[in-house]
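J.: What would the 3D arrangement of this be:
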Amino acid sequence: MALTNEEAQALIDIPKKIMVDEQPQDEYIMRFSGRIQSRFELVSDDGTQIFLLELRQGEHNFFKITLHFQENSKYIGLLRIDYNGSHKNPKISMPEVPAFVLPFADAFIRESHVHLYVQGYKPLTWAVPLPIYDFDVKSISNMDSFVQAVREFCRRINITTHCNFDGGLLL
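T.: Numbering: from 1, shown residues only. Coordinates of the predicted model:
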């Protein structure tokens with residue numbers, strides 16, 4: 001199932017809630033202990049779309065942290081932030097590649113970066129360095145910055161569930 005850039009953005013923008021036992025939650029406590037590897041099922045407020053939020057910490061490099069969001073019926077990645085990772089972008093750019101992404105064609109990004117859905121490519125094939133992207137948390141160094149990053153990511157993908165946090169980040 002291919003999406004246009006506009007359809008992908010509409011899926012990001014649609015209000016959604018965290019699901020527990022097939023029930024949308026108005027409030028939720030995200031609990032963490034040890035290395036973070038958490039998955040949260042999400043549902044659109046109108047109940048028509050299912051999504052997945054995944055928070056993952058590197059097995060060997062604990063500062064490599066991924067915040068991943070996808071449409072979950074067709075498993076289409078819509079947005080991902082990789083802290084302390086690297087990525088190689090495609091060489092060829094089609095007209096659907098957003099203008100702010102074009103300078104990074106064929107680039108090897110060796111810093112925290114944001115993967116974006118771009119029409120005509122495999123999901124999340126394109127990335128831009130996090131410092132140029134409109135996202136407030138540019139690095140994660142402790143539990144506070146991790147919580148800030150997750151909160152900002154949840155806002156960005158329009159999760160309306162109020163989340164609290166319990167536990168710590170293994171560093």
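
J.: Name every strand pairing with the strand or helix carrying residue 30 and say which way it goes.
T.: Per DSSP states H and E: residue 30 is located in strand 27-32. Strand pairing for strand 27-32, determined by DSSP bridges: strand 162-167 (parallel).

J.: Can I get the partner strand in CSV, CA atoms only?
T.: Listed next in CSV are the C-alpha coordinates belonging to strand 162-167 (Å, rounded to 0.1, in the frame of the first residue of the first chain):
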residue,chain,number,x,y,z
HIS,A,162,-1.8,11.8,28.8
CYS,A,163,1.4,9.9,29.7
ASN,A,164,3.4,9.8,32.9
PHE,A,165,6.7,8.0,33.3
ASP,A,166,8.0,5.5,35.9
GLY,A,167,11.5,3.9,36.0
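
J.: Can you give the contact residues for stretch 145-155?
T.: By CB atoms under 8 Å, 6 or more residues apart in numbering, the residues outside stretch 145-155 that reach it are 30, 36, 53, 55, 65, 67, 69, 81, 83, 135-137, 139-140, 161, 163, 165, 169. To be clear about C-beta, it is placed using only N, CA and C from the backbone, and glycine gets the same treatment.
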